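J.: I'll drop the sequence and a predicted model, then ask my questions.
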Amino acid sequence: MPSIMKRSALNLSASIYSALRTRAARLFLLFVLSSMIMATVMADGDVQRGKEQSVTCAACHGQDGNSINAEWPSLAGQHEKYFLIALNSFKDSSRQNILMSSQASGLDEQTMGDLAAYYASQSASPRTTDPALVSQGERLYRGGNVERGVSACIACHGPSGRGNLAAGYPALASQHSVYTENQLKAYRSNTRETDANRIMRDIAGLMTDDEISAVASYIQGLN
């Protein structure tokens, strides 16, 4: 079945990719195709072992992966692949954070896989969008800012903010707006450089403070 899906995806790509003129449209096509090809990909982690290992993580990220501190990310519902990418970036110091670097440094591959499986199995708690920012935030998330070349978030993170497991693009839905805003600003200032092909740095680099606040608030309300 996966091989049939892959052939169908490649045929679809060959026939319509050249017709897509904008970067956002092409990113969305890649999002759809990679989801079709890799829909059944799963990590080897064990949920129960991950739950047992998560006791230390709960101090910052909540017992079920839903943090109560807006500066610390919720992990509930995050894709296993992206979770592992993030942990390894702290472990190899390509991403800097005093707390996370020390925590990740002692984790082996099996433990990280177990934690990834556990948090992927949890459900993100619903949150809300600031009513004053919802219109601008939705416009940016779904359509970007064509005049200044800001790509739409939907292209990589999906219509409902569930991300893309195959490509390693994270789920964003219900994430704290403060955390998302901080990360976008870190990409914009090049203090965070963990994005493949500079995709997030290039996008965030074109965004204003108001746009970052609006789209972060909109993402927080995606459920």
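T.: Perfect, thanks for sending it.
J.: Can you give me the distance of Asp108 to Arg198?
T.: Going from Asp108 to Arg198 by CB to CB, to the nearest Å gives 30 Å. To be clear about C-beta, it is placed using only N, CA and C from the backbone, and glycine gets the same treatment.
J.: what sits against the residue nearest the centre of the chain?
T.: In the chain, the C-alpha nearest the mean C-alpha coordinate belongs to Pro170, at 1.8 Å (CA atoms, centre = their mean). Contact analysis of Pro170 by CB atoms under 8 Å, 6 or more residues apart in numbering lists 78-79, 82, 86, 157, 163.
J.: try 7 Å this time
T.: For Pro170, the contact set (CB atoms under 7 Å, 6 or more residues apart in numbering) comprises 78-79, 82, 163.
J.: In strands only, show me those.
T.: Judged by DSSP state E, the contacts of Pro170 include no members of strands.
J.: Which members of those residues are positioned in helices?
T.: If you go by DSSP state H, the contacts of Pro170 have Tyr82 in helices.
J.: Would you convert the contacts of Pro170 into CSV that also reports pLDDT, neighbour count and distance to Ala186?
T.: Shown next, in CSV, are these (pLDDT from 0 to 100; neighbours: other CB atoms under 10 Å; distance: CB to CB, whole Å):
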residue, pLDDT, neighbour count, distance to Ala186
Gln78, 98, 22, 18
His79, 96, 23, 21
Tyr82, 97, 19, 17
Gly163, 97, 23, 19
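J.: who's more crowded, Asp108 and Arg198?
T.: Between Asp108 and Arg198, counting by other CB atoms under 10 Å, Arg198 is the more crowded of the two (12 against 8).
J.: Test for you: state the pLDDT assigned to the more buried one.
T.: Note for Arg198: predicted pLDDT of 96.
J.: Can you get me a residue count around Cys153?
T.: Burial of Cys153 is recorded as 24 neighbouring residues (other CB under 10 Å).
J.: Surely it is in contact with Tyr141?
T.: Yes: between Cys153 and Tyr141 there is a contact at 4.5 Å, judged by CB atoms under 7 Å.
J.: can you list residues touching both of those two?
T.: Val215.
J.: Okay, domains of this protein per the record?
T.: Listed domain ranges for the chain are 2-37, 47-121, 134-221 (source: automatic domain parsing).
J.: Distance to Thr128 added to those domains, as a markdown table?
T.: Shown next, in a markdown table, are those (distance: least, CB to CB, whole Å):
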| stretch | distance to Thr128 |
| --- | --- |
| domain 2-37 | 26 |
| domain 47-121 | 13 |
| domain 134-221 | 5 |
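J.: In terms of mean pLDDT, which of the ones you listed ranks lowest?
T.: Note on the domains of the chain: lowest mean pLDDT is at domain 2-37, with a mean of 48.
J.: could you pull out the strands for this protein?
T.: Under DSSP E, the chain gives no strands.
J.: And for Gln175, the neighbour number?
T.: Residues lying near Gln175 (other CB under 10 Å) number 25.
J.: Ok, Arg148 next?
T.: Residues within reach of Arg148, counting by other CB under 10 Å, total 10.
J.: I'd say it and Thr208 touch.
T.: No: in this structure, Arg148 is not within contact of Thr208 by CB under 7 Å, at 8.9 Å.
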